[in-house]
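**Q** here is a sequence together with a model predicted from it:
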Amino acid sequence: MDKPNLGINIPRQSILYIGMCLIGIAIFLLGGILPASRTLAELDARTATARYRLEEQKTLAPFHQTLKEGEERKESDVLPMPERGRIPQAKIDTIPLNLGNAAKTSGMSLVSAVPNLKAMTGDATLLPVNVVLRENFADFRKFLIALGGIPYVEHVEEITIQSKTDAREYRLTLWVAVG
């Protein structure tokens with residue numbers, strides 16, 4: 001008995017065409033689609049990074065503007081260094097007025113400036129002055145800089161800071177050269 005021919009008889013040329021088509025499809029996949037998908041993934045990552053940076057810049061833009069304005073308003077880095085002198089005894093009563101002007105220019109409010117005249121015994125050359133101020137700490141710094149510009153203020157002996165409900169209170173003991 002003859003066995004029936006179950007094999008499919010495909011011509012050799014058709015197998016060659018099918019093989020060449022499969023090779024062409026493989027080259028197309030490996031040479032075109034896979035590199036394109038990798039490039040697309042890289043572009044997606046770059047886009048995500050760019051979006052993150054953009055959001056970060058939008059968030060930080062107000063801070064940058066504030067810092068830029070602060071830099072433009074930057075105060076002088078040079079501290080006042082006047083020639084040291086003495087205030088005449090006849091003008092001791094102008095000390096509170098001069099300290100009040102320094103407080104006003106620095107943005108602080110002068111509560112009191114009281115020279116301790118009891119310390120003026122004999123030929124004393126230094127007079128203690130008790131000063132009380134109110135406002136914030138940044139203005140107090142400006143006041144200390146302005147205080148350095150007053151020629152007859154020798155030194156600051158004591159600084160006491162008390163926190164009040166509306167503002168901070170600063171108590172200073174200054175020594176003033178009298179002559």
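**A** Thanks, I have it. For clarity, every value in this text was computed on a predicted model and none was experimentally measured.
**Q** centroid residue for this structure?
**A** residue 67 (6.2 Å; CA atoms, centre = their mean).
**Q** show me the contacts for that residue.
**A** Residue 67 makes contact with no residue, according to CB atoms under 8 Å, 6 or more residues apart in numbering. Placement of C-beta: from N, CA and C, glycine included.
**Q** so which helix or strand takes in it?
**A** Using DSSP states H and E, the element containing residue 67 is helix 34-72.
**Q** so how far is that helix from its chain's centroid?
**A** Here helix 34-72 shows a centroid-to-chain-centroid distance of 21 Å under the convention CA atoms, centre = their mean, to the nearest Å.
**Q** where does residue 112 land in three-state SS?
**A** Assigned with DSSP: H, G, I helix; E, B strand; the rest coil, residue 112 falls in the strand class.
**Q** partners of it in the sheet?
**A** Taking DSSP bridges, one obtains residue 132 as the residues bridged to residue 112.
**Q** would you confirm that it contacts residue 132?
**A** Yes - the pair residue 112 and residue 132 passes the contact test of CB atoms under 8 Å, sitting 4.7 Å apart.
**Q** which of those two has more neighbours?
**A** residue 132 (16 against 12; other CB atoms under 10 Å).
**Q** and the gap between the more buried one and residue 171?
**A** 5 Å (CB to CB, to the nearest Å).
**Q** repeat that for residue 94.
**A** In terms of CB to CB, residue 94 sits 21 Å off from residue 171.
**Q** and the closest residue in space to residue 94 that isn't next to it in sequence, how many residues sit next to it?
**A** Nearest residue to residue 94 in three dimensions, chain neighbours excluded: residue 87, at 7.6 Å (CB to CB, 6 or more residues apart in numbering). By other CB under 10 Å, 19 other residues sit near residue 87.
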